[in-house]
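Undergrad: Based on what follows, work out the 3D shape:
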Amino acid sequence: MPGYHADKKMINGIKSVDSIEKTVNYAPNGRIIPVDPDNKELKDVKQPIYKTSATDATQVESGILLPKVKGYNCDLVTITPEDPGKDTKVTYKPIKKDDVLVIKVGKNKATDTEAAKALEKPAEEAPAKIAEEKQEPAAAKPVEEPKVAEISENPEAETQEAVINFINLDQNGKQLTSSGVLRGMPGESINDLYSSEIPLKVIKKAGYKVVFNNFDIPGVTQRFSNNKVMIQIFTIGLSKKDSTEGNN
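TA: Sure thing, here's the model as predicted:
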């Protein structure tokens, strides 16, 4: 039943009898509630209802993708609710214009981006310097009006997003940690922005083994796609079970 979870995972087979009644109670699933840093609900923002697991009617899906909220950022990309019937508040932070511009340029790879090269052109110089250039003697050749590169109202829409999730396979894929949202221009290397080496060392010391890792693939450089709609999600599955053989 969409939007609801059951109190029984399954009903055992019934042998030949005249009449037996089995009751299964359904309760509504919880919601994702976006809130601001002061824990106040964001107005006019969707509050998605958890989807019921396709394999276990008593649970909801793990790794639920969080909604995008215009003008806000969230440090998380997915969540796994602990209680299928309880709402989860997720904090979103207002996007600062300065932060967005840094993201657009790609601070970690600035020298390799077209945006960074554009900033080196006279057209991108500070307004104060432009004003100085205009104050030339009357006999001098008129200075053409500099063409300032256009910046869209939503610069972030031109960047791509990716996230690396570390999940606990012993707890139905519950998230252990995450890279957070990584942003870059299409074609840029994600590996240059983030390495799983340090978090994996910490997680392995806690007794986990890597079961699968679709981010760190030998000989493969993970790059940002050119799909503005979908977030690239890479998953590293871990387990403490002795029977599990790690592949990393």
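
Undergrad: Any idea how many residues pack against residue 228?
TA: A count of neighbours around residue 228, defined by other CB atoms under 10 Å, yields 12. To be clear about C-beta, it is placed using only N, CA and C from the backbone, and glycine gets the same treatment.

Undergrad: Tell me if I am right that it is in a helix.
TA: No - using DSSP: H, G, I helix; E, B strand; the rest coil, the assignment for residue 228 is coil, not a helix.

Undergrad: That one contacts residue 185, correct?
TA: No - between residue 228 and residue 185 no contact is recorded; they are 11.5 Å apart, counting by CB atoms under 8 Å.

Undergrad: Give me the common contacts of the two.
TA: The contact sets of residue 228 and residue 185 overlap at 158, 160 (CB atoms under 8 Å, 6 or more residues apart in numbering).

Undergrad: got the contact list for stretch 55-68?
TA: Contacts for stretch 55-68 (CB under 8 Å, 6+ apart): 5-9, 29-30, 32, 34, 45-46, 48, 50-54, 74, 76-81, 84, 90, 165, 167, 172-175, 231, 233, 235.

Undergrad: Pull out the buried members of those residues.
TA: If you count burial by 16 or more other CB atoms under 10 Å, the buried members of the contacts of stretch 55-68 come out as 5-6, 29-30, 32, 34, 45, 50, 52, 74, 77-81, 84, 90, 165, 167, 173, 175, 231, 233, 235.

Undergrad: Which ones among the contacts of stretch 55-68 lie within strands?
TA: Per DSSP state E, strands hold the following members of those: 5-6, 32, 34, 78-79, 90, 165, 167, 174-175, 233, 235.

Undergrad: I'd like these laid out as a markdown table, including pLDDT.
TA: Below are the ones in strands among the contacts of stretch 55-68 laid out as a markdown table (pLDDT from 0 to 100):
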| residue | pLDDT |
| --- | --- |
| 5 | 67 |
| 6 | 67 |
| 32 | 94 |
| 34 | 94 |
| 78 | 83 |
| 79 | 85 |
| 90 | 92 |
| 165 | 92 |
| 167 | 92 |
| 174 | 84 |
| 175 | 84 |
| 233 | 92 |
| 235 | 94 |
